[in-house]
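J.: Show me the folded form of this:
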Amino acid sequence: MAIYSIRDLEQLTGIKKHTIRIWEQRYNLITPKRTDTNIRYYTVDELRLLFNIALLNRNGYKINKLAKMTRDEITGVVDHISKRNDGSSSKIDALTLAMLNLDERSFEEIFSISIEEIGFEHTMATLIYPLLENLKALWITRSINPAHEKFITHLIQRKLLRAIDEAHLPENYNSQIFFLFLPEEEAQELTLLFVYYLLRQRGFRVIYLGGQTSLSDVKDACTAAPAGFVFSIIDNPLPRQSVQNYINQIALSTGNNRVLLTGSQLAQHQANLVLPPNVSVLDGFNDTLAFLDSLK
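T.: Predicted coordinates:
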């Protein structure tokens, strides 16, 4: 069973620790448990409840009113609000709850309504991408288990693969090429698939090498096709080598291609990196999207 400190709750829900304590003491909204050594902790039930309360509070529900509602009543109101055209924060919270509850129906309903309202690309950018960022935080704090990750990853992957298949291939087969790959031990395949979709939508030719790709395989692919761009994500620490060394190897392995890299490892080490002439670093999703749009 996953357990959480009050600091975990603050990081995951965005509710300040002192606010959580006020809700406990004044309104009896949640009740922490205690270890044998009298250390306070919370369970996934309290985490779900706080997500729900935060969502309702942002939508105008007063805490003193919520304190008088049962958990089932709160869940029912949340279910109604999450399907309305409310802010993206409410929908992200609702999707996070759907993941924690392994609730495919709720995920499908929220996702489908968002597609109708703002389209697939904006749904991915404003809902799913932030959800994936939340997923990182949930993993770091051990707030989810492999079942949660496999559940949500499968649903999102299924949506992305269908959207990629429905995107038309470029009419000009000689349009600019993007080689997409992830280093060995890197886990950001959903983000890479989203980039694949964005490129297809913008008419670029994509050679998708996927995850667990060695640089020798990248070199072989670059040798077999015309020069273009090589895109990758370095989010996890690289085993047995520095980020700088890996960048130098990519630069040598990709020939005349221009290398585009993004990910938290690059942001973390950027001040000390010396980039080869054919390598550029993109600062997160918005910078990546802006670069792709600049090529159209």
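J.: could you pull out the strands for the stretch 151-296 of the chain?
T.: Here the stretch 151-296 of the chain has its strands, by DSSP state E, counting those that start in this stretch, at 177-181, 205-210, 229-233, 258-262, 279-281.
J.: same question, the stretch 1-150 of the chain
T.: Counting by DSSP E, counting those that start in this stretch, the strands of the stretch 1-150 of the chain are 3-4, 33-34, 40-43.
J.: hey, which of those is tucked in deepest?
T.: Of those, the one with the most neighbours on average (mean count of other C-beta atoms under 10 Å) is strand 3-4, at a mean of 19. Bear in mind the C-beta positions are built from the backbone N, C-alpha and C, glycine included.
J.: what separates that strand from the chain centre, distance-wise?
T.: Computed by C-alpha atoms, centre = their mean, to the nearest Å, the chain-centroid distance of strand 3-4 equals 22 Å.
J.: Parallel or antiparallel, list what pairs with that strand.
T.: Next to strand 3-4 in the sheet, as set by DSSP bridges, lie strand 40-43 (antiparallel).
J.: Run through who's touching the strand it pairs with.
T.: Residues outside strand 40-43 that contact it (C-beta atoms under 8 Å, 6 or more residues apart in numbering) are 1-6, 8-9, 30, 32-35.
J.: about what we covered before: ranking the strands of the stretch 151-296 of the chain by burial, who's on top?
T.: Highest mean neighbour count among these (mean count of other C-beta under 10 Å): strand 229-233, with a mean of 24.
J.: Please convert the contacts of strand 40-43 to TSV, extending it with distance to A125 and pLDDT.
T.: Listed next are those as TSV, based on distance: C-beta to C-beta, whole Å; pLDDT from 0 to 100:
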residue	distance to A125	pLDDT
M1	34	55
A2	29	63
I3	33	73
Y4	29	76
S5	32	80
I6	32	83
D8	27	76
L9	27	78
I30	33	82
P32	36	83
K33	38	84
R34	42	84
T35	41	81
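J.: Looking at those, which is nearest L169?
T.: L169 has its nearest neighbour among these in A2, at 44.1 Å by C-beta to C-beta.
J.: hang on, the earlier thing: which among the strands of the stretch 1-150 of the chain is found nearest to G14?
T.: For the strands of the stretch 1-150 of the chain, proximity to G14 was assessed by C-beta to C-beta; strand 3-4 is nearest, at 14.2 Å.
J.: From L198, how far off is the nearest residue to L215 once chain neighbours are set aside?
T.: For L215, ignoring the flanking residues on the chain, the nearest one in space by C-beta to C-beta, 6 or more residues apart in numbering is S253 at 4.6 Å. Per C-beta to C-beta, to the nearest Å, S253 is found 24 Å from L198.
J.: on that earlier part again, closest to H18 out of the contacts of strand 40-43?
T.: Nearest to H18, judged by C-beta to C-beta, of the contacts of strand 40-43 is I6 at 9.6 Å.
J.: close enough to count as contact, the closest one and I22?
T.: No. Counting by C-beta atoms under 8 Å, I22 is not a contact partner of I6; they are 12.0 Å apart.
J.: The two - which one has more neighbours?
T.: Higher neighbour count among I6 and I22: I6, with 19 against 13, using other C-beta atoms under 10 Å.
J.: All set now, cheers.
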